[in-house]
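Novice: Output the structure for:
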Amino acid sequence: MEHARMQWLLDRFATAPDRVAFIHDDRNVTYRDVLDRIDAFRSRLSEQGIGMGESVAVLGDYSPEVFCLIFALAQNGNIVIPLTSESAVEQDSTLGVSGCDWLARFNGTGADVTLTKNHLASDNPLLARFRMSRAPGLILFSSGSTGQPKAILHNFERVSEKFRKQRARVIAIPFLMLDHFGGVNTILAITSGLGTVVTVADRSVLAICEAIAKHRVELLPATPSFLTLMLLSRGYEKHDLSSLRRITYGTEVMPQTTLDRLRMTFRGVELQQTYGLSEVGVLRSQSRDDGSLWVRIGGDGFATKVVDDILWIKSDYAMEGYLNAPSAFDAEGWFNTQDRVEVDGEFFRILGRITDVINVGGQKVYPTEIEDIILTLENIADVAVYGEKNPLLGQIVVAKVIVTLPESSQEIKRRIRAACQSKLSAYKVPTKVIVSETPLHSVRHKKLRHA
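Specialist: Residues are numbered from 1 along each chain as shown. Below is the predicted model of the structure:
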């Protein structure tokens with residue numbers, strides 16, 4: 001008889017039936033409600049004839065019903081492909097890689113879903129082998145910032161196993177969406193601890209600050225780009241954020257300037273750097289202290305090593321592989337993160353992705369080193385530093401900035417270059433400064449470093 005996939009998590013939900021699992025559109029959904037909806041979705045999957053091993057794309061943003069359907073599909077042994085309203089614009093190209101037997105489309109509130117046959121087959125050999133394991137699957141796509149997005153296949157049951165050891169209950173806003181590994185990791189972490197997931201449809205800084213105040217949110221996982229905007233907007237002055245106990249940050253390098261401002265603004269709130277990748281999972285992390293960018297990472301099921309200043313990870317929760325790219329693991333199962341690091345005993349300092357490093361005449365330049373200086377200047381709301389091709393030097397340094405108040409581009413360039421010249425070697429000083437009127441981050445609030 002087929003074993004009950006992820007049944008331990010349902011059994012845990014049953015121990016706290018009256019506890020609030022989700023707050024969505026100002027309605028409370030208890031763990032009893034979650035169990036009932038998962039059971040109802042299981043019946044619906046059976047009625048529609050959705051069989052084990054079939055792939056189902058789930059189009060919808062955070063809602064209790066989206067979570068319950070994804071869980072029901074996992075229990076049914078399906079391969080789940082989460083898509084959000086933002087990622088849906090790439091639906092044809094992404095599903096062309098993964099294939100899609102069924103499409104589950106939620107309405108705007110995320111409460112009602114339509115299930116339709118999709119008939120988009122895939123002859124991918126990795127996917128075919130995985131189906132033979134009869135395990136539930138999870139397919140996610142990389143952000144594609146450096147080219148064609150990679151389709152990442154996970155064993156969903158293995159992903160959930162990391163949370164079998166129960167964590168402390170917390171009220172939290174999941175920041176990354178469900179089409180991102182960090183979003184899946186966050187919602188599993190909260191619910192496996194019998195905490196409360198507070199969903200926010202409007203993911204603007206002020207809307208999230210309002211939700212924190214209204215629902216007494218204790219944990220805010222976010223990106224450094226979002227936290228920079230939060231400091232700029234001074235949303236913490238417009239709303240009572242005293243319930244916050246912890247702010248975690250990851251997915252990109254945190255500028256020391258932003259971290260220092262956070263520490264001064266949110267006194268008594270723990271600031272914790274996190275680290276993870278879609279390919280290997282999210283590691284346990286511990287910052288050296290709230291004001292430090294040095295972090296210890298690892299935990300049960302993870303091993304780390306550094307080769308030529310590059311971080312490598314071996315994970316018990318690693319992906320099955322890419323559907324549209326060669327294997328990313330060496331013969332011993334180690335994954336090259338492409339992140340350059342400094343090492344101090346047990347602690348790492350993440351310097352940045354190799355792909356973000358700017359090569360000026362053979363000299364390596366790390367964008368965050370320059371961004372950290374520019375962010376200290378008056379009238380600078382945000383900055384992104386990147387390399388631009390140059391026939392003589394290979395690349396030159398470009399700084400794209402957003403200003404708070406109108407200022408001439410000549411004056412902005414003068415101030416930025418003067419500040420950088422006083423603290424950096426000449427080759428690191430931006431050759432070009434661009435004033436931008438559009439955000440410098442993606443819909444996932446991750447910094448965009450390109451023209």
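Novice: give the contact list for Gln421.
Specialist: Counting by CB atoms under 8 Å, 6 or more residues apart in numbering, Gln421 makes contact with Val429. Using the backbone N, CA and C atoms, a C-beta is placed for each residue, glycine as well.
Novice: Please report how far it lies from Gly387.
Specialist: Distance, Gln421 to Gly387, by CB to CB, to the nearest Å: 19 Å.
Novice: Same check on Tyr427?
Specialist: 12 Å.
Novice: any residues in contact with both of the two?
Specialist: Residues touching both Tyr427 and Gly387 (CB under 8 Å, 6+ apart): 360, 365, 397.
Novice: Assess the claim that Gly193 and Ile171 are in contact.
Specialist: No: judged on CB atoms under 8 Å, Gly193 makes no contact with Ile171 at a distance of 10.6 Å.
Novice: quick one on the thing from earlier: so for the shared contacts of Tyr427 and Gly387, which is the shakiest by pLDDT?
Specialist: Across the shared contacts of Tyr427 and Gly387, the smallest pLDDT goes to Val365, namely 89.
Novice: By mean pLDDT, which helix or strand of this protein comes out lowest?
Specialist: helix 91-98 (a mean of 80; mean pLDDT, DSSP states H and E).
Novice: Can you give me the domain assignment for this protein?
Specialist: Domain assignment of the chain by automatic domain parsing yields the ranges 7-160, 357-435.
Novice: my read: Met254 touches Ala222, true?
Specialist: No: with contacts counted by CB under 8 Å, Met254 stays clear of Ala222, the gap being 10.4 Å.
Novice: In a strand, Phe67, correct?
Specialist: No: counting by DSSP: H, G, I helix; E, B strand; the rest coil, Phe67 is not part of a strand but helix.
Novice: Just want the most central residue of this structure.
Specialist: For the chain, the residue nearest the mean C-alpha position is Gly182 (3.9 Å; CA atoms, centre = their mean).
Novice: circling back to that earlier point, and the least confident helix or strand of the chain, what other elements does it pack with?
Specialist: strand 55-59, strand 79-83, strand 113-120, strand 151-155 (3 or more CB pairs under 8 Å, 6 or more residues apart in numbering; DSSP states H and E).
Novice: Which positions within the next helix or strand after the longest one qualify as buried?
Specialist: Scanning forward in sequence from strand 113-120 by DSSP states H and E, the next helix or strand is helix 125-132. Neighbour-count burial for helix 125-132, counted by 16 or more other CB atoms under 10 Å, picks out 126-127, 130-131.
Novice: Equivalent analysis for stretch 187-205, please.
Specialist: Buried-residue list, stretch 187-205, by 16+ other CB under 10 Å: 187-200, 203, 205.
Novice: just stretch 14-34 next, same as before
Specialist: Under 16+ other CB under 10 Å, the buried positions of stretch 14-34 are 20-24, 29-31, 33-34.
Novice: tilt between the least confident helix or strand of the chain and strand 151-155?
Specialist: Following axes from the mean of the first three to the mean of the last three CA atoms, to 10 degrees, one obtains 60 degrees for the angle between helix 91-98 and strand 151-155.
Novice: got the angle between helix 91-98 and strand 113-120?
Specialist: Angle between the axes of helix 91-98 and strand 113-120 is 60 degrees (criterion: the same axes, to 10 degrees).
Novice: So what angle separates the directions of helix 91-98 and strand 55-59?
Specialist: Calculated by the same axes, to 10 degrees, helix 91-98 forms an angle of 160 degrees with strand 55-59.
Novice: So what sits opposite Leu138 in the bridge?
Specialist: With DSSP bridges as the criterion, Leu138 is bridged to Val80, His154.
Novice: Now that it has come up, it's in contact with Phe71, right?
Specialist: No: using CB under 8 Å, Leu138 is not in contact with Phe71; the gap is 11.5 Å.
Novice: Between these two, which is the more surrounded one?
Specialist: Ranked by neighbour count (other CB atoms under 10 Å), Leu138 and Phe71 place Phe71 first, with 28 against 25.
Novice: any chance you could read off phi and psi for that one?
Specialist: phi -70, psi -40 (degrees, to the nearest 10).
Novice: One more: Ser233?
Specialist: Dihedral angles for Ser233 - degrees, to the nearest 10 - are phi -70, psi -20.
Novice: same thing with Gln363?
Specialist: phi -90, psi 130.
Novice: With Lys214 instead?
Specialist: Dihedral pair for Lys214: phi -70, psi -40, per degrees, to the nearest 10.
Novice: now Leu206
Specialist: phi -70, psi -40.
Novice: wait, isn't it in contact with Glu237?
Specialist: No: counting by CB under 8 Å, Glu237 is not a contact partner of Leu206; they are 11.0 Å apart.
Novice: So which of Tyr427 and Gly387 has more stuff around it?
Specialist: Using other CB under 10 Å as the criterion, Tyr427 and Gly387 rank with Gly387 on top: 21 against 16.
Novice: Hmm, the more buried one is touching Val397, no?
Specialist: Yes: applying CB under 8 Å as the test, Gly387 and Val397 come out as touching, 6.7 Å apart.
Novice: shared neighbours, those two?
Specialist: Common contacts of Gly387 and Val397 (CB under 8 Å, 6+ apart): 358, 360, 365.
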